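Asker: below are the sequence and a predicted model; questions follow.
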Amino acid sequence: MKKIAVIEDEVIVRESIVERLTEAGYDVVYAENGMQGIELIREHKPDLVLCDVMMPSLGGFGVLEYIRKDTTTELIPFIFLSALSEKSDLRKGMQSGADDYLTKPFSKEELLEAVEARLRKQQSQQQRLHGALEEVRESISRSLPHEFLTPLNSILGLSNLLHDHMKDFSPDEVLEMLRHVNQAGQRLLRLVQNYLRFSELENLRYDDVRRAALLEEFVESPEFLIPDLVRVLGERAKRAKDIVVHAEAATLRISAPNLEKLLEELMDNACKFSLDGTPITVTAACSEGWYEIVVHDKGRGMTEEQIRSIGAYMQFERAHFEQKGVGLGLALVHSIVDLHGGRMAIKSQPGRSTTVTVLLPYEAE
C-alpha cells in the first residue's frame with residue numbers, strides 16, 4: 001500500500017483530502033503545519049507528499065527545500081496545494097523542484113488523477129533504475145572472471161617459471177620477472193578493493209543509518225590534501241612532471257577516504273589514457289555553491305556514446321587500448337559523488353582531450 005503524506009493547515013481541507021485518499025486505498029499520514037510535516041516525512045518516508053503552499057511558521061516552499069536537501073527524502077514526489085492560481089506562483093513552485101501543482105478548490109477526480117500520475121512516474125523511474133542495476137550485474141558476471149584471471153595467470157605463470165627454471169635465468173632476469181609478478185599482484189589487489197568498494201557504496205544507498213552517518217563526515221583543508229595526494233598519485237604513475245594542481249580552501253561534506261578514492265580514480269584515468277609529456281591539470285575551487293574539482297588531460301578522449309554508457313565494468317575500445325582493471329574507475333567516482341549529493345560531468349573530444357568535473361557540497365562560512 002502506497003503511503004501519502006498530507007501537510008495542510010486548514011482542518012476541513014485536510015480532512016477532506018485524507019478521507020478521499022483513504023477511500024482510494026492509500027495509507028495516509030498528515031500534519032497541520034510545515035514543521036510537523038518535516039518530522040512526518042522524516043519519520044515515515046512516504047511515497048508522495050501533498051503540501052499546502054501558504055502555512056504558518058513554515059510554508060510549502062520551506063518544506064520542499066528541506067526534503068530536497070536530505071538525501072533520504074530528495075526523490076519523494078511532491079505536489080503543491082494552493083488557492084493561488086497566478087502563473088507566477090505556479091512557475092515558482094515548479095522551479096523550486098515540485099513535481100505537480102493543484103489549485104484549490106479541486107475535485108476528488110483531479111486529486112486522484114494527480115496522485116496516480118506522480119506515483120506511476122515514480123514507479124517507472126524505479127523500474128529503469130532496477131534495469132540499470134541488472135545491466136551492471138550482467139556486466140560483472142561477464143567481465144569479472146576474465147579480469148581476475150588475467151593478473152592471476154601472470155602471477156602463477158611467472159612464479160612457476162621461476163620455481164622450475166630459476167637456475168637458467170640471470171639475477172637481472174629474475175628481478176625483472178619478480179617485478180612483473182608484483183605488478184600483477186598489485187593489479188589484482190586493486191581490482192578486489194575496487195569491487196568491494198563499489199559494492200559497499202551501492203549497498204549504502206539502501207541503508208539509511210549508515211548513509212546518514214557517512215554524510216556527517218567532513219574534509220577540512222582540501223587546499224593541502226588535494227595537491228599532496230595528486231602529487232603522490234602522479235609520482236606513482238611516473239607523470240609527476242606533467243601535472244599542474246591548484247586547490248582552494250573549504251570544508252567539504254564528504255568523507256576523507258571517499259575524497260581520496262575519487263581523486264585516485266580520476267588521476268588514474270587521466271594518466272592511463274594520455275601520453276607521457278602531455279599536461280594534466282587539476283583545479284579545485286568554490287564555484288556557484290559547489291566545490292568544483294576539474295581534472296583535464298590531453299588523452300585519447302571518449303565519444304558521446306561512450307560517455308552515456310559509463311557504468312561499472314564498462315571498458316571502451318578494449319581491442320585497441322588495453323585497460324588494466326575493469327573500467328570501474330569512473331563508475332566508482334560517479335557512485336561516490338552521487339552518494340554525497342554532488343554532481344559529475346564529462347566533456348571529451350575523441351583523440352584530443354577529456355575533462356571530468358565533479359561538484360561536491362561544502363559548508364558555507
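Answerer: Sure, I can see it. Numbering: from 1, shown residues only.
Asker: tell me the confidence at the closest residue to residue 349 other than its chain neighbours?
Answerer: Ranked by CB to CB, 6 or more residues apart in numbering and with sequence neighbours excluded, the top spatial neighbour of residue 349 is residue 301, at 5.2 Å. For every residue, glycine as well, the C-beta is placed using N, CA and C. We have a pLDDT of 76 for residue 301.
Asker: what do you get for residue 363?
Answerer: Listed pLDDT for residue 363 reads 85.
Asker: which residues does it bridge with?
Answerer: Applying DSSP bridges to residue 363 gives these bridge partners: residue 251.
Asker: thought it was touching residue 222?
Answerer: No - taking contacts as CB atoms under 8 Å, residue 363 lies outside contact range of residue 222: 11.7 Å.
Asker: list residues touching both of those two?
Answerer: Common neighbours of residue 363 and residue 222, counting by CB atoms under 8 Å, 6 or more residues apart in numbering, are 250, 252.
Asker: of these two, which one has the most company?
Answerer: Taking neighbours as other CB atoms under 10 Å, residue 363 and residue 222 compare with residue 222 leading, 25 against 11.
Asker: how about the more buried one, what does it touch?
Answerer: Residue 222 sits next to 247-250, 252, 259, 284, 291 when contact means CB under 8 Å, 6+ apart.
Asker: so which of those sit within strands?
Answerer: Per DSSP state E, strands hold the following members of these: 247, 252, 284, 291.
Asker: widest-spaced pair of these?
Answerer: Farthest pair in those (CB to CB) is 247 and 252. Separation: 10.6 Å.
Asker: so which of those two has more stuff around it?
Answerer: Neighbours were counted for residue 247 and for residue 252 using other CB under 10 Å; residue 252 has more, 25 against 21.
Asker: where does pLDDT dip in the stretch 201-350 of the chain?
Answerer: 206, 305-328 (pLDDT under 70).
Asker: helices along that one, start to end?
Answerer: Listed in chain order, the helices of the stretch 201-350 of the chain (DSSP state H, counting those that start in this stretch) span 208-214, 222-236, 256-272, 304-308, 329-339.
Asker: among these, which comes closest to residue 104?
Answerer: helix 208-214 (34.0 Å).
Asker: what's in contact with that closest one?
Answerer: The contact list for helix 208-214, computed with CB under 8 Å, 6+ apart, reads 71-72, 204-205, 255, 258, 339-340.
Asker: change it to 6 Å
Answerer: Helix 208-214 has contacts (CB atoms under 6 Å, 6 or more residues apart in numbering) with 72, 204, 255.
Asker: pop out the phi and psi values for the first one.
Answerer: Going back to what we said before, that points to residue 72. With angles defined as degrees, to the nearest 10, residue 72 sits at phi -80, psi -10.
Asker: burial measure for it, as a count.
Answerer: For residue 72, the number of neighbouring residues by other CB under 10 Å comes to 14.
Asker: can you count the residues close to the nearest residue to it once chain neighbours are set aside?
Answerer: Leaving aside its chain neighbours, residue 72 sits nearest to residue 208 (5.4 Å; criterion: CB to CB, 6+ apart). For residue 208, the count of nearby residues is 12 (other CB under 10 Å).
Asker: excluding sequence neighbours, find me the nearest residue to residue 282.
Answerer: Spatial nearest neighbour of residue 282, chain neighbours left out: residue 245 (4.3 Å); criterion: CB to CB, 6+ apart.
Asker: the one you found against residue 228, yeah?
Answerer: No - the pair residue 245 / residue 228 is not scored as a contact, 9.3 Å apart, by CB atoms under 6 Å.
Asker: and the residue nearest to residue 282, how far is that from residue 162?
Answerer: Going from residue 245 to residue 162 by CB to CB, to the nearest Å gives 40 Å.
Asker: with neighbour numbers in mind, choose between these two.
Answerer: The neighbour count for residue 245 versus residue 162, taken as other CB under 10 Å, is higher for residue 245 (19 against 16).
Asker: what mean pLDDT would you report for stretch 164-184?
Answerer: 89.
Asker: and that stretch, what's buried?
Answerer: By 16 or more other CB atoms under 10 Å, the buried positions in stretch 164-184 come out as 177, 181, 184.
Asker: can you add distance to residue 240 and give the ones in strands among the contacts of residue 222 back as CSV?
Answerer: Output for the ones in strands among the contacts of residue 222, formatted as CSV (distance: CB to CB, whole Å):
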residue, distance to residue 240
247, 17
252, 25
284, 18
291, 24
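Asker: closest one to residue 267 out of the residues you listed, please.
Answerer: residue 284 (12.6 Å).
Asker: excluding chain neighbours, give the residue nearest to the closest one in space.
Answerer: Using CB to CB, 6+ apart, the nearest residue to residue 284 is residue 247, at 3.9 Å.
Asker: doesn't residue 124 lie inside a helix?
Answerer: Yes - assessed with DSSP: H, G, I helix; E, B strand; the rest coil, residue 124 lies in a helix.
Asker: so what's it up against?
Answerer: Shown in contact with residue 124 (CB under 6 Å, 6+ apart): no residues.
Asker: what pLDDT is listed against it?
Answerer: pLDDT, residue 124: 78.
Asker: ok, it to residue 330 distance?
Answerer: Relative to residue 330, and taking CB to CB, residue 124 is found at 26 Å.
Asker: before we move on, what about residue 220?
Answerer: For residue 220, the distance to residue 330 (CB to CB) stands at 27 Å.
Asker: ok, these two, which is more surrounded?
Answerer: residue 330 (20 against 13).
Asker: circling back to that earlier point, narrow the contacts of residue 222 to just the buried residues.
Answerer: Buried among the contacts of residue 222 (16+ other CB under 10 Å): 247, 250, 252, 259, 284, 291.
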